[in-house]
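>>> Just to be clear, the model below is a prediction. Sequence and coordinates:
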Amino acid sequence: MCRAETSVMVNACTGKMGHAVAEAVVRAGLDLIPFSITGESEAVVVGNVGVSGIPVQLVGADKRQQAISDIMRDKPGLIVVDFTLPGAVNENAKFYCDNGLPFVMGTTGGDRVQLTRDTEESGVYAVIAPQMGKQVVAFQATMEMMAQNFPGAFSGYKLSVRESHQRTKVDTSGTAKEIVRSFQQLGVEPFEVDAIQRVREAGQQMGEMHVPEKALSGHAFHTYHLTSPDGTVNFEFQHNVVGREIYAEGTVDAVLFLASKIKEKAEQRIFNMVDVLRAGAMR
Ligand SMILES: NC(=O)C1=CN([C@@H]2O[C@H](COP(=O)(O)OP(=O)(O)OC[C@H]3O[C@@H](n4cnc5c(N)ncnc54)[C@H](O)[C@@H]3O)[C@@H](O)[C@H]2O)C=CC1
Ligand SMILES: O=C(O)C1=N[C@H](C(=O)O)C[C@H](O)C1
């Protein structure tokens, strides 16, 4: 399938990530659908948003079924990208599933077990991942491999995790939650995801996490610290991202990967970004 045959609808272009992804879709030469499902009030009040000079019409929940039916009729190669809010994840995914629409879910939070179950039951193709940035995905995969190959290697170590994001981020980092799973398999002292420290206050972000002032409105700084039981050995892993381009480009990779899986009628239908990376499908 050539790029121009892959049509991409980005929900919600009004958001920071949705807008960045929509721009990356245009940059990549894919067909950006000039409609975007968004929060109800925004659709009515704002009307449309410009993406690289393309006016994208905003669609609220009450009109989304009609809009999707019309778009699907015209664009059989449609793939939906979702960067909305944790509170919308399950409802939106169910909507895509009910319409038989393949989707890339970049939105974090919600009930992840339910999300996988609904997607499995519907049989739609999907990439679901809280992290789209190639190098961070590679780090995530490395930690998974370490945990699989050397379970218990950090037995008894004490883990602390801090993540800093723009103050508008409503949930705890989905990426940090996934990486904590690997540390749990590596045998650290009991650590639940609610022990992840969320930093959202500007003074602390700049003073303690060294976030540049210009990045306060868009950054993701993660620090994982491990200390041996007797305190003599310390490990620290960090991934600090400024801006959103790394995720937007990775999302385009996910879309192209999904289009190729649909075309080859792959047996596996639900993927994460480690699958996309392993397939050599990240630029
Ligand atoms: N997977 C990844 O690599 C990344 C994931 N994210 C995740 O993406 C999500 C969005 O992040 P931001 O763009 O920074 O948030 P944002 O707050 O800037 O944008 C969210 C948008 O969703 C819209 N919205 C709210 N309810 C909706 C609904 N029911 N249907 C459609 N649209 C709705 C809002 O009006 C808003 O425009 C978060 O969950 C964040 O963690 C962010 C960066 C990278
Ligand atoms: O909301 C964000 O900004 C980000 N969200 C994702 C997460 O929750 O892990 C990925 C990255 O941290 C940016």
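Received the coordinates, thanks. Numbering: from 1, shown residues only. Ligands and ions are numbered 1, 2, ... in the order given.

>>> Look at the nearest residue to Ser160 once chain neighbours are set aside and report its pLDDT.
Closest residue to Ser160 apart from its sequence neighbours, by CB to CB, 6 or more residues apart in numbering: His225 at 4.8 Å. All C-beta atoms are positioned from the backbone trio N, CA, C, and that covers glycine. Looking at His225, its pLDDT reads 98.

>>> Quickly check: the one helix or strand His225 maps to near ligand 1 or not.
Here His225, judged by DSSP states H and E, is contained in strand 219-227. No - if you take CB under 6 Å from any ligand atom as the test, strand 219-227 misses ligand 1, and the best it gets is 7.1 Å.

>>> Give the next helix or strand downstream of that strand.
On the C-terminal side of strand 219-227, the nearest following helix or strand under DSSP H and E is strand 234-242.

>>> contacting residues around that next one?
With CB atoms under 8 Å, 6 or more residues apart in numbering as the test, strand 234-242 has contacts from 133, 135-136, 139, 143, 154, 157, 210, 212, 215, 218-228.

>>> Report the buried members of those.
Listed as buried from those are 133, 136, 139, 143, 154, 157, 215, 218-224, 226-227; burial here means 16 or more other CB atoms under 10 Å.

>>> Please identify which helix or strand holds the closest residue to Gln185 other than its chain neighbours.
Leaving aside its sequence neighbours, Gln185 sits nearest to Ala147 (CB to CB, 6+ apart; 3.8 Å). Using DSSP H and E, Ala147 sits within helix 134-149.

>>> what angle sits between that helix and strand 219-227?
On the basis of axes from the mean of the first three to the mean of the last three CA atoms, to 10 degrees, helix 134-149 is oriented at 20 degrees to strand 219-227.

>>> Near Pro130, how many residues? Count them for me, please.
Residues lying near Pro130 (other CB atoms under 10 Å) number 21.
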